[in-house]
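Undergrad: Quick one, structure for this:
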Amino acid sequence: MSSEALRLYGACAIRDIEQVERITADYPDAQTELLNWGLITLEDQPGGVPGVRDPKHAVQRRVDDVLAAAEAQVALLRSLPDLTTQLTQHYEAVQLRIAGCASVYLDDPAAVNARLQDVVGGAKREILAAQPGGPRDQALLDKAAPRDSAALDRGVVLRTVYRDTVRDHAPTAGYVATMTNRGPGRSAQYRTLPGKFERMIIVDREAAVVPDYIVAGSPPHAAWLITDPAAVAVLARSFDQTWMRAQPWMGELRTRRGDARDTIGSSASAMDGVRTTRRQREIMRNLCVGASQATVARRLGVSERKIADEVAAVKALWGVTTMSELIYQWALSVDNRADDSAPAVGPAGAEYETTA
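TA: Down below sits the predicted model:
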């Protein structure tokens, strides 16, 4: 309370009208302050001097008002974290869909497939698909054939990288053989790659569908539709690098030594006659698609000397001295057909199906 209001309250208490008038004239806010506190009343007061009220009751009311306001502020503070979470969800839901961010989270399998069909069905120039999940289901292949054929008829370039195990799967092999031998017009292109690579579908280098690695506890098949040019450009570059490492495939089935039914979970050690290590096979697969030893070293994160030592060890296995001889022997060997891919497991959303 101001000193002027306190002086005015004292003048009102002794009913000194001259002092009351002087203080009120000089400090008009003092009277308003006392009224707000409930310390004076202007009703039915003779002589024009405000009547005073018991300060104990007035101050107690003030205390009650301040405590109520403080409790309201504390309640507000306690609600702010939850309010922030709710507001952030609404904000990010919009931000993820505006042109600047251009990413849409899809957590329902039906929504993923519907959006994927729309994006792929609207392709004008190119469809790039990396599918590390292994052989395709026959129903999925039957669904893909007319859509992919229509895209090829429109002049769309269709390139797909499959996991190496599809070379043992008759339905997938038959589908690939059909799509790569369409007669007149454009045909699809397929390659296979052992080991791990990222799942993605890129359309016209303008939109990409990728698995979810962000949302905690996201359901299986959850995915992101990305149309940000910078992000899509990086994904397309990643696909191109995967494509360069992969082996061309036109649907021919291969015959394995041992149990040919093992298309997903078999390891190299389960095949008779394999003599190379997993790393040596990875090096050879890279060298056979034209990568230099320096490039292979960078890809595997080792020194060029280590790559040279491994290549020398592989040459010694076949008793050859030149790279040409080594590649020839490698192409004929069971080592070349060894499946080093890991089981198809990964983060939530990594297994959503596509038909590309």
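Undergrad: what stretches of this protein score poorly on pLDDT?
TA: The chain contains residues with pLDDT under 70 at 44-47, 90-101, 183-185, 255-273, 341-356.
Undergrad: So which elements touch the longest helix seen in it?
TA: Counting residues, the longest helix in the chain under DSSP state H turns out to be helix 55-95. Packed against helix 55-95 by the contact rule (3 or more CB pairs under 8 Å, 6 or more residues apart in numbering; DSSP states H and E) you find helix 28-37. Placement of C-beta: from N, CA and C, glycine included.
Undergrad: Name the surrounding residues that touch the helix or strand following the helix it packs on.
TA: Going down the chain from helix 28-37, the next helix or strand is strand 40-41, by DSSP states H and E. Strand 40-41 is contacted from outside by 9, 12, 31, 34, 50-53, using CB atoms under 8 Å, 6 or more residues apart in numbering.
Undergrad: With stretch 174-194 instead?
TA: For stretch 174-194, contacts defined as CB under 8 Å, 6+ apart pick out 136, 141, 144-145, 148-149, 152-153, 155-164, 166-167, 242-243, 245-252, 281, 285, 338-341.
Undergrad: Narrow those residues to those that are buried.
TA: Buried residues within the contacts of stretch 174-194, counting neighbours by 16 or more other CB atoms under 10 Å: 136, 141, 144, 148-149, 152, 156, 158-164, 166-167, 242-243, 245-247, 249, 251, 281, 285, 338-341.
Undergrad: where does the residue nearest to residue 209 when sequence neighbours are not counted fall, phi/psi-wise?
TA: Spatial nearest neighbour of residue 209, excluding adjacent residues (CB to CB, 6 or more residues apart in numbering): residue 201 at 4.7 Å. Residue 201 has phi and psi values of phi -130, psi 130 when expressed as degrees, to the nearest 10.
Undergrad: before we move on, what about residue 219?
TA: phi -70, psi 160.
Undergrad: isn't it right up against residue 107?
TA: Yes - Residue 219 lies in contact with residue 107 (CB atoms under 8 Å); the separation is 5.7 Å.
Undergrad: Going by how many neighbours each has, rank the two and give me the top one.
TA: residue 107 (16 against 13; other CB atoms under 10 Å).
Undergrad: Residue 216 is in contact with the more buried one, correct?
TA: No - contact criterion CB under 8 Å: residue 107 and residue 216 do not qualify, at 12.0 Å.
Undergrad: on that earlier part again, mind listing which of the buried ones among the contacts of stretch 174-194 are in strands?
TA: Among the buried ones among the contacts of stretch 174-194, the members found in strands (DSSP state E) are 158-163, 247, 249.
Undergrad: Neighbours of residue 194, how many?
TA: Residue 194, neighbours per other CB under 10 Å, totals 24.
Undergrad: so which of the ones in strands among the buried ones among the contacts of stretch 174-194 comes closest to residue 305?
TA: Using CB to CB, residue 247 comes nearest to residue 305 of these, at 27.1 Å.
Undergrad: How many residues are close by residue 85?
TA: 9.
Undergrad: typo on my end, residue 292
TA: With neighbours defined by other CB under 10 Å, the count for residue 292 comes to 12.
Undergrad: residues contacting it?
TA: Taking CB under 8 Å, 6+ apart as the definition, residue 292 has no contacts.
Undergrad: Would you mind stating the distance between it and residue 298?
TA: Distance of residue 292 to residue 298, computed by CB to CB, to the nearest Å: 10 Å.
Undergrad: One more: residue 282?
TA: 13 Å.
Undergrad: Please apply the same query to residue 252.
TA: For residue 252, the distance to residue 298 - CB to CB - is 32 Å.
Undergrad: And for residue 162?
TA: Distance, residue 162 to residue 298, using CB to CB: 25 Å.
Undergrad: again, but for residue 141
TA: In this structure, residue 141 and residue 298 are 37 Å apart, going by CB to CB.
Undergrad: what about residue 118, how many neighbours?
TA: The number of residues near residue 118, taken as other CB under 10 Å, comes to 12.
Undergrad: oh, and call the first residue 47 from now on, that's how I've got it
TA: Sure thing, new numbering starts at 47, so read that last one as residue 164.
Undergrad: and the strand or helix carrying it, what other elements does it pack with?
TA: Assessed by DSSP H and E, residue 164 sits inside helix 155-167. Counting contacts by 3+ CB pairs under 8 Å, 6+ apart, helix 155-167 packs against strand 149-152, helix 184-199, strand 246-249, strand 253-257, strand 269-272.
Undergrad: Can I get stretch 216-230 in CSV, CA atoms only?
TA: Coordinates of each C-alpha in stretch 216-230 appear next as CSV, following Å, rounded to 0.1, in the frame of the first residue of the first chain:
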residue,chain,number,x,y,z
ALA,A,216,10.3,-68.8,-58.3
PRO,A,217,7.4,-66.3,-58.2
THR,A,218,9.6,-63.3,-57.9
ALA,A,219,11.9,-64.6,-60.5
GLY,A,220,9.0,-65.2,-62.9
TYR,A,221,7.7,-61.7,-62.3
VAL,A,222,11.1,-60.1,-63.0
ALA,A,223,11.6,-62.3,-66.1
THR,A,224,8.3,-61.0,-67.4
MET,A,225,8.9,-57.4,-66.6
THR,A,226,12.4,-57.4,-68.1
ASN,A,227,11.3,-59.1,-71.4
ARG,A,228,8.3,-57.1,-72.4
GLY,A,229,9.1,-57.0,-76.1
PRO,A,230,8.5,-53.7,-77.8
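Undergrad: And that stretch, how far out from the chain middle?
TA: 33 Å (CA atoms, centre = their mean, to the nearest Å).
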